[in-house]
Each structure stands twice: as C-alpha cells, then as structure tokens.
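Trainee: Predicted model follows, preceded by the sequence.
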Amino acid sequence: MLRRHARTACTVLAAAGLALAGLQAGSATAAPYDEDRAPTVRTAADALGAASAQPELLRAMQRDLGLTRAQAENRLANEAEAGARAAGIRLDLGGAFAGAWVDGAESGTLTVATTRAADAAAIRAAGARAEVVTHGLTALERAKEALDRAATAEAPVRYVDVRANVLVVEEARAGAGARLVAATGVPRGLVKVVRTAEAPRPLYDLRGGDAYYMNGSGRCSVGFPITKGTTQGFATAGHCGRAGTSTSGFNQVAQGSFQASVFPGNDMAWVATNTNWTATPYVKGAGGANVQVTGSVLQPVGSSVCRSGSTTGWHCGTVQQHNTSVTYPEGTISGVTRTTVCAEPGDSGGSYISGSQAQGVTSGGSGNCSSGGTTFFQPLNPILQNYGLTLKTTTDPGPGPGPGEPEPGGTWAAGKVYKAGDTVTYGGATYRCLQGHQAQTGWEPSNVPALWQRV
C-alpha cells in the first residue's frame, strides 16, 4: 500500500491480476453484422488510442525509459498490437500456452512460449517469436496458489516469470523459500528462490493521481474516476479506507465516503462523491496536465506503464509480471501486477496507465523515487466488475445502458466488464473475448478484432 498517514509514513503492497495482450489480431477475424452498413474494422493501435498519445505521457516515457519521441510512439502502437496477437495465439494453444511478452526499446518483438515444439511454426506464422519451454503457465500458476496458501512475510513475494519459465519466490530470510516449498509439496524444479533485502509494505499516505484525505488525516491518491448509475466517484486501493470512511479532496473540501473495500485478499475500493465533485476522464500528468483515459485493456509483460500519485507525481516503467502474490503483516494480496515504476507513501490508490488504457491502482511496493524500487498495482477491471462501476473515458457518448444491460442485436452490452474467453452474441454472430476490458460504445465485437474473435 502507498498511503501516507498524517504523522507516520508507511508503505504498502498490493496485487494485480493476470492479463495478456497482443501485435495485430493475428488469427482473430471479424465480419460485419450487416452487409449494407458494415462497420469500420479498427486495428488494435487505433482501438486503444495508441496513435493519439498525449505529449505529457510521451515525455514521461522518454525521461524514464530512455526513448526518443518516435520510439515512444512506436512502442505504444506495438504494445497494443502485441496484446491482441498474443491473446489470439493463446486461444489457439490452449493448455500448451506458457506465457507471452514483448522486448526491445520499441516493444518490437513479441515472444509466445509453448510446451509443444509442434506449435512453433504456427506461432511464427502468426507474427511472433516462438519459444519452447518445459512448464505450461497453468501448471506454474497452480503451484503458486499452493505456495500462496502457506506463505508468510519471510517469503513475501511470489510470481511466475514467464521469460524464465519458472515460479519465483522472494525470501527475506535465508532458507524461508526452501521451507515454504517443502511444506507445500510443490516440485522443487518449478521454483527459483531469490534473496531480497526489500520488504514490500503499504504506502498509505476527481482526477486520477490527485490527493484525497481519509477522516481528515491519512492521505491516498485517486485511481480512476467512475460512475455508478447517476452517482459519481472513483476507484482506489482498499487499504486506504473501509466502508463508511469519509474523504475530503486535494483542497480539503468535503468529498464523499468509501462505499466498499477489500483488503487483504485484494486491494480494491471505491468512493462515492457528493454533487460538488464531477468525474472526469483524465489522469494527472506531468505539471498537472490532463492525460486522457479511453479504455481499460490490460497490457502484456514488458509493456510500458506510467503512474500518477499525489506524493511523487508522474513516473513510468515497465510491466514485469502479472498475477503476483504478496504477503504483508495484514495478509496475502493476490492478483496484482509487479512493475518497475517507483512510488512512495501517499501514492497508494493512484493511477497506472499504458498509453490511454487504464491499468490499475497503486497498492504498494519497496524503494523510492530517488534510488528506484518495485511497485504493485491492483488491476482496474476486477474493481469495475466487483462493484458494477463504469470507467469514465473520453469516448463516453453520454447516458446509456448500465453494466450488463442488453444491447439491441445480442448479449453484448456497453458498460459490462469482459474477461478473456467470455463469449457474447452481437448482430447474429458469436464472438469470444481476446483481452479483458470494459465494453463501451464504439467497441462492438464486429469492429474491434483486437478485443473480439468471431467464432
């Protein structure tokens, strides 16, 4: 967690859910549902707004990732396309899938791992580099779940390193990792134990990244502005407050209260604001500039990601692993994403964004923004789904159907959160979701092959 108390600063960790993304849609194809008015089929880069990245985001990527402006622009486009392509390949590989990631200054290389050598030719034909490995992703994640159930703060972090095809256990005390593995019966060959001197801790301290205060004392950061019916508010970290906790804004004006909160287990919450506060589709960037939010598609390992927080402002880094688990004194947090972005107390709850796609809210980490560190974010889509919230985006068409309400022509619905593998009908056809996201007008299955595959 990254919450700042009025007198005492402590840091917090949290988790983030696994999601894959992929370069063009690969094998995913879409057909118009009406030949007389066929929709415009958009590439992943177009659909995810990669080509319209704002200068504030590009400058932060140049500073923190050592890129030129052109490289930053190319990287965002490549990452959008890589997410869609990897998702399509994953569906084709089934249980043999062992992970996907991007590499290179411009994320120009997508690698997909498989346990079957016979898959390599098909992976290459789909435009990715193939790597044949020993362990499938499902087997490694099941082993991690067994470790999570028995873990203590002596082995505070567990995650699957898809690049190395191994389950990593970080131990704070010598021998803790080996004891954990032995106690659970997980095969030792699946696990790599790494010694760490850093212990993740909570970082406690309506625009993403702005400060807010809990009960007039502790400080956290706004994650992403949302709506729930006619109510406006924002998503944030669960460790920042419990249901009923009152909040005031960055200007210390009465703001609202926590409606629901989960911590530990996950690190998610939402705050409903009073009528003096209006949800906007922006995250606070460098110098206070607005960075637009257009959707919530989670990006693949290796992708660039930027964070906004009320203590340290605007910083960028890369996604290291999804579906990480962290154990604190308060308990275990699962499903968070591990990143190289720095953070400090007070940044908790703040926004993580890749291009214009909302990724999650700051949970916690170790280190600081002077020497560097590791941070974790709770993915946003599970928060939206859990509480029935609608992300505020710059593409909002205005009032429309709420989450889960049927759209004409099928079961697909604007406002609903879809997970990879979910199926819907639209315009008389059936589609399978490739990448988790919250649906919105303009992202109908027939015209966004980066997100939907016709089956």
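Mentor: Structure received. Numbers count the residues shown, from 1 in each chain.
Trainee: for Y213, what are its contacts?
Mentor: Contacts of Y213 were listed using Cβ atoms under 8 Å, 6 or more residues apart in numbering, and they are R219, T247, S248, G249, Q252. Where you see a C-beta, it was placed from the backbone N, CA and C, and this is true even at glycine.
Trainee: Per-residue pLDDT of it, please?
Mentor: If you check Y213, the pLDDT there is 96.
Trainee: and what of M1?
Mentor: The predicted structure scores M1 at 58 on the pLDDT scale.
Trainee: and what of Q357?
Mentor: Per the predicted model, pLDDT is 97 at Q357.
Trainee: The chain should start at 401 in everything you say after this.
Mentor: Yep, numbering from 401; the last one is Q757 now.
Trainee: Assign a three-state SS to the closest residue to A551 other than its chain neighbours, would you?
Mentor: Distance criterion Cβ to Cβ, 6 or more residues apart in numbering; nearest residue to A551, sequence neighbours excluded, is T727 at 4.7 Å. At T727 the chain is in strand, as set by DSSP: H, G, I helix; E, B strand; the rest coil.
Trainee: surely Q759 meets Q778?
Mentor: No: applying Cβ atoms under 8 Å as the test, Q759 and Q778 come out as separate, 9.8 Å apart.
Trainee: Tell me where the protein has helices.
Mentor: Secondary structure of the chain (DSSP state H): helices at 444-447, 455-465, 469-493, 520-525, 537-550, 576-584, 780-787.
Trainee: Indicate which one of those helices is closest to P845.
Mentor: helix 444-447 (11.7 Å; Cβ to Cβ).
Trainee: ok, now which ones touch the closest residue in space to A686 that isn't next to it in sequence?
Mentor: Leaving out its chain neighbours, the residue that sits closest to A686 by Cβ to Cβ, 6+ apart is W714, at 4.6 Å. Contacts were defined as Cβ under 8 Å, 6+ apart; by that measure W714 touches E456, A460, G609, K684, G685, A686, C706, R707, S708.
Trainee: so can I have a markdown table of those residues showing pLDDT, distance to A672 and neighbour count?
Mentor: Below are the contacts of W714 laid out as a markdown table (pLDDT from 0 to 100; distance: Cβ to Cβ, whole Å; neighbours: other Cβ atoms under 10 Å):
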| residue | pLDDT | distance to A672 | neighbour count |
| --- | --- | --- | --- |
| E456 | 90 | 29 | 19 |
| A460 | 95 | 31 | 22 |
| G609 | 90 | 19 | 29 |
| K684 | 94 | 21 | 25 |
| G685 | 91 | 25 | 25 |
| A686 | 87 | 29 | 17 |
| C706 | 97 | 27 | 27 |
| R707 | 97 | 24 | 32 |
| S708 | 97 | 21 | 28 |
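Trainee: of all those, which two lie farthest apart?
Mentor: E456 and R707 (13.1 Å).
Trainee: Just list whatever residues bridge to the residue nearest to A686.
Mentor: Note on W714: beta-bridge partners by DSSP bridges are S708.
Trainee: Just the pLDDT at it, thanks.
Mentor: In this prediction, W714 carries a pLDDT score of 96.
Trainee: same deal with A583?
Mentor: Residue-level confidence at A583 comes out at 95, pLDDT.
Trainee: what's the burial count for it?
Mentor: 12 (other Cβ atoms under 10 Å).
Trainee: what about it, distance to Y728?
Mentor: Between A583 and Y728 the distance, using Cβ to Cβ, to the nearest Å, works out to 20 Å.
Trainee: now swap in T762 and tell me
Mentor: Note on T762: its distance to Y728, by Cβ to Cβ, is 15 Å.
Trainee: Same check on V562?
Mentor: Note on V562: its distance to Y728, by Cβ to Cβ, is 25 Å.
Trainee: Which one's more surrounded, those two?
Mentor: Here V562 and Y728 are compared on neighbour count by other Cβ under 10 Å; more neighbours surround V562, at 26 against 23.
Trainee: Setting aside sequence neighbours, what's the nearest residue to the more buried one?
Mentor: Excluding the flanking residues, the one nearest V562 by Cβ to Cβ, 6+ apart is G499, at 2.8 Å.
Trainee: OK, contacts around the one you found?
Mentor: V512, A513, L537, V560, V562, R563, N565, V701.
Trainee: switch to 6 Å and redo it
Mentor: A513, L537, V562 (Cβ atoms under 6 Å, 6 or more residues apart in numbering).
Trainee: Just the pLDDT at the last one, thanks.
Mentor: We have a pLDDT of 98 for V562.
Trainee: residue contacts, it?
Mentor: By Cβ under 6 Å, 6+ apart, the contact set of V562 is G499, W501, V701.
Trainee: any idea how far A498 lies from T509?
Mentor: 17 Å.
Trainee: When those two are compared, which one has more neighbours?
Mentor: Under the criterion of other Cβ under 10 Å, the comparison of A498 against T509 puts A498 first, with 26 against 15.
Trainee: Just the pLDDT for that one.
Mentor: pLDDT, A498: 98.
Trainee: now do S452
Mentor: Confidence at S452, expressed as pLDDT, is 86.
Trainee: excluding its backbone neighbours, what's nearest it?
Mentor: By the measure of Cβ to Cβ, 6+ apart, the closest residue to S452 outside its immediate chain neighbours is S756, 7.0 Å from it.
Trainee: K544: what's it in contact with?
Mentor: Counting by Cβ under 6 Å, 6+ apart, K544 has contacts R558, L567.
Trainee: Go again with 10 Å.
Mentor: 551, 558-560, 567-569, 586, 590-591, 723-725, 734 (Cβ atoms under 10 Å, 6 or more residues apart in numbering).
Trainee: and it, how far is that from A528?
Mentor: Taken as Cβ to Cβ, the spacing of K544 relative to A528 amounts to 25 Å.
Trainee: V855 too?
Mentor: Relative to A528, V855 is positioned 21 Å away (criterion: Cβ to Cβ).
Trainee: what's the overlap in contacts for E456 and R707?
Mentor: The contact sets of E456 and R707 overlap at V683, W714 (Cβ under 10 Å, 6+ apart).
Trainee: On the strand side of things, show who T718 bridges to.
Mentor: Assigned bridge partners for T718, using DSSP bridges, are S704.
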